[in-house]
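Participant: sharing a model prediction with you, sequence too.
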Amino acid sequence: MRAKLPNVVFRIVAASAPLHIPMWRRAVWVVGLVLAAGVGAPGQAAGQSGAGDVAQIVVSAQGDVKVTPDQAMAVFAVETRRATAAVAGTENARTTRSVIDAIRSAGVPAEDITTLDYSVYPEQQWDAKDRVSKVVGYVVRNSVRVRIAKLERTPAVIDAALAKGANSISSLDLTSSTMGTARREALANAVEQAKADAELMAKAAGGQLGALIELSTQDFAVPVFESPKLMRAMAAGDSAPTPVMGGSQTLSARVSARWRFIPFPR
């Protein structure tokens, strides 16, 4: 009696592409080609395949699209220190109102200005003689988040806020209004590259692609340029405009796909 051969699995894995590549190129890596050849169950008709007998090509790919920022999101704050909480609060409110008015005069509508945080806390100092912490004053901090719809207005908005008393800029993020379109383009590029690599692998393995079995996407790498923190980095009296450079960024989409592998007749 002739013994049945067990299923045999051949695995060919391609080398991964470098993770750090120029932003203008699409990065693609191939996970592998899996070929599974087996003997059908007794009584199985010729040409039929069980679920474990299907040879597959498995590929992962990444598509990149350059994105040019055209918007900005900045967080401005006014921090006031005075002997009492009441005095600090009153002065902080007056200065914050001046800052908001200046931001609006620079072209930002009221609906794009949001209060992000407001805090009042005692400022304490250690008394070495009495060995206790003593309250020496109070700090009031009011932060507002500002959406700047046109990137070119960002320097004017920053300078206006600083001139009226903002003494902290905790973040400056640059984004693009075309992110949705860029995402779809990157996704299409990733799928196109995955199929091209799968076809190349199938040909090299002595066959061709069959039907698509599975196609999935992973998390998108959304580009956001975040500046270094600008805590009191600029003097309000400085007449030079604040430079803000958008540059270009890359949005990446990743996909994984599996196709049936159809070997050529021998």
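Facilitator: Thanks, I have the structure now. Numbering: from 1, shown residues only.
Participant: partner strands of the helix or strand where Ser60 lies, with direction?
Facilitator: Per DSSP states H and E: Ser60 is located in strand 56-67. Using DSSP bridges, the strands paired with strand 56-67 in its sheet are strand 28-37 (antiparallel), strand 249-263 (antiparallel).
Participant: quick one: name whatever helix or strand follows it.
Facilitator: strand 71-82.
Participant: ranges for the helices of the stretch 151-266 of the chain?
Facilitator: Here the stretch 151-266 of the chain has its helices, by DSSP state H, counting those that start in this stretch, at 154-163, 179-204.
Participant: for Ala211, see how far away Ala205 is.
Facilitator: 17 Å (CB to CB, to the nearest Å). No exception for glycine: its C-beta is placed from N, CA and C like everyone else's.
Participant: pipe the helices of the stretch 151-266 of the chain into JSON lines and attach mean neighbour count per row.
Facilitator: Output for these, formatted as JSON lines (neighbours: other CB atoms under 10 Å):
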{"stretch": "helix 154-163", "mean neighbour count": "21"}
{"stretch": "helix 179-204", "mean neighbour count": "18"}
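Participant: between those, which gets nearest to Pro122?
Facilitator: Closest approach to Pro122 among the helices of the stretch 151-266 of the chain (CB to CB): helix 154-163, 27.0 Å.
Participant: low-confidence stretches in this protein?
Facilitator: Across the chain, residues meeting the criterion (pLDDT under 70) sit at 1-53, 221-240.
Participant: so Ala205 and Ala211 - more neighbours on which side?
Facilitator: Applying other CB atoms under 10 Å to Ala205 and Ala211 shows that Ala205 carries more neighbours, namely 17 against 7.
Participant: could I get the phi/psi values of the more buried one?
Facilitator: phi -90, psi 0 (degrees, to the nearest 10).
Participant: quick check: it touching Phe261?
Facilitator: Yes - counting by CB atoms under 8 Å, Ala205 does reach Phe261; the two are 6.9 Å apart.
Participant: list phi and psi for the residue nearest to Ser98 when sequence neighbours are not counted.
Facilitator: Sequence neighbours aside, Lys164 is the residue nearest to Ser98 in space, at 4.3 Å (criterion: CB to CB, 6 or more residues apart in numbering). Here is the backbone geometry of Lys164 (degrees, to the nearest 10): phi -100, psi 10.
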